[in-house]
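J.: what follows is a predicted structure for the sequence shown.
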Amino acid sequence: MTQASPEFLIILGKVLGVMGVMLAGAVARKTRLLEPAADASLMKLVINLLIPALFFDRVLGSPSMLVPANLYLPPVVGFLVCILGFALAWAVASLIGHRIGLVTPVARRTFVLCVGLFNYGYISLPLAERMYGPDTQAVLIIFNFGVEAAIWSAGILIISGELDRNSWKRLFNVPFIAISLAVLINFTLGPARVPGFIRDTFHYLGVCGIPLGLLLSGAVIYDHWRELSPTRQLPMFAAAFGLRVIALPLIFLTLAAAMPMFLPASIELQRVLLLQASMPAAMFPIVIARQYQGDMPVAIKIILGTSILSLVTTPAWILLGSWLLGV
C-alpha cells in the first residue's frame, strides 16, 4: 500500500485547518451555540466591518500592491474566468441537461450559476495566506473584485433571466471602499503615514473576519446536509463534479501557465489562479438561488457535494498545480 506524499499531507493539513473551523460552525449549530436567528446579524458584521478591515489591512503597504499590473490584471482575469465557467456550464446544461435531470429552465440556470462560480472567499483567502503569504492574499482580494463583477452581472442574468440594473450598485460596497482607500494611501501618503493604532485596529478586526465567516458557512452546511442525497440526481452531480472539479481546474491551470508569456502576470496572480482552480463550488449561490427563486435542491447538492469532496480534491489540485507551474 503506497503512502501519501509528504507534500500532499502538508497541503491536506492546511486545508483541514480551514475546514476544521467550518466543522466547528456545524457543531455550534447542532449544539445551539450558534442560533439561526443570529446568522443575518453576524453576516452583516462580517461583510460590512470585519472583511473590509481585513482587506484594508492586507492591501495597505503590501509590496504586491505597488505593482500596477497587480491592480488591473487580477480583476480582469477574475471576471473572465467566471464568465468562462458560466459559459462551459451553460453549454453542458443546454446540450445534455434533460438527460442528467435538469428538466426545467430554472434547474439548468441554477446548475450554471453553481458550477461556474468557485469558492473565492472564505476557503481561498485563508489558504492564500497560509500557503503563500499576505502578498498573494492581497492579489486574491483584488482578483475577487472581478469575481464580484461577474456575479452581479452575468450571474444575476443567468439565474433570473434578466439583468438587474441595481445589481451593479452592490459592487461599490464597504469592501470596495476599503480596498480603494488602501490603494490610494499606498500611492499617495504611503502606509508609514498611517498611525500605528489605526493599523492595529484594522488588523485586529480583520483577523476575526475569515474565522467568523467560516463558522457561519459551517452552520449553513449543517442546516442543509440532510438534503444531500448521494443517489438522487446522481447524473446531475456527476456532470457538476466533472466540470467544477476536473475540466475547469485544467483550464485555469493552463491559463496560469500561459499568462506570463503574453501578459505582465505576477507569480502571485499565478498562485491565485492555482488556488481558485482547486476550489469547490462557492457557498454564495445558495443565497442568490434563494433570492431569485432558483432550484434549491440542485444548488445544495452541487455546493455541499463539491465542498465535502474538496477535502481530497483541493490538496490534490494544489499539489499538481504547484508542480506544473513551479510556484
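T.: In hand now; what should we look at?
J.: nearest spatial neighbour of Gly97, chain-adjacent residues omitted?
T.: Excluding the flanking residues, the one nearest Gly97 by Cβ to Cβ, 6 or more residues apart in numbering is Arg108, at 4.7 Å. Where you see a C-beta, it was placed from the backbone N, CA and C, and this is true even at glycine.
J.: and the average pLDDT for whatever helix or strand the one you found lives in is what?
T.: Using DSSP states H and E, the secondary-structure element containing Arg108 is helix 105-116. Here helix 105-116 scores 94 as its mean pLDDT.
J.: buried set for that helix?
T.: Residues of helix 105-116 classed as buried under the neighbour-count rule (16 or more other Cβ atoms under 10 Å) are Val106, Ala107, Arg108, Arg109, Thr110, Phe111, Val112, Leu113, Cys114, Val115, Gly116.
J.: can you add distance to Asn70 and give those back as CSV?
T.: Formatted as CSV, these follow (distance: Cβ to Cβ, whole Å):
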residue, distance to Asn70
Val106, 39
Ala107, 39
Arg108, 37
Arg109, 34
Thr110, 34
Phe111, 34
Val112, 30
Leu113, 28
Cys114, 29
Val115, 28
Gly116, 25
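J.: okay, the closest residue to Val21 other than its chain neighbours: pLDDT?
T.: Distances taken as Cβ to Cβ, 6+ apart put Leu214 closest to Val21, at 4.0 Å, once the chain neighbours are dropped. Note on Leu214: pLDDT of 87.
J.: verify the contact between Cys114 and Ala281 for me.
T.: Yes - if you go by Cβ atoms under 8 Å, Cys114 and Ala281 touch, sitting 5.1 Å apart.
J.: need the overlap of contacts for the two.
T.: Common neighbours of Cys114 and Ala281 (criterion: Cβ atoms under 8 Å, 6 or more residues apart in numbering): Ala240, Ile302, Ile303.
J.: just checking, which of those belong to strands?
T.: Within those, no residue falls in strands by DSSP state E.
J.: just checking, which of those residues belong to helices?
T.: Applying DSSP state H to the shared contacts of Cys114 and Ala281, the entries found in helices are Ala240, Ile302, Ile303.
J.: what residues are up against the spatially closest residue to Ser307 that is not a sequence neighbour?
T.: For Ser307, ignoring the flanking residues on the chain, the nearest one in space by Cβ to Cβ, 6+ apart is Pro280 at 4.5 Å. Pro280 is in contact with Phe118, Asn119, Ile123, Arg244, Val245, Ile303, Thr306, Ser307, Leu309, Ser310, Thr313, Thr314, counting by Cβ under 8 Å, 6+ apart.
J.: if we use 10 Å, what do you get?
T.: Going by Cβ atoms under 10 Å, 6 or more residues apart in numbering, Pro280 touches 118-119, 123, 241, 244-245, 302-311, 313-314.
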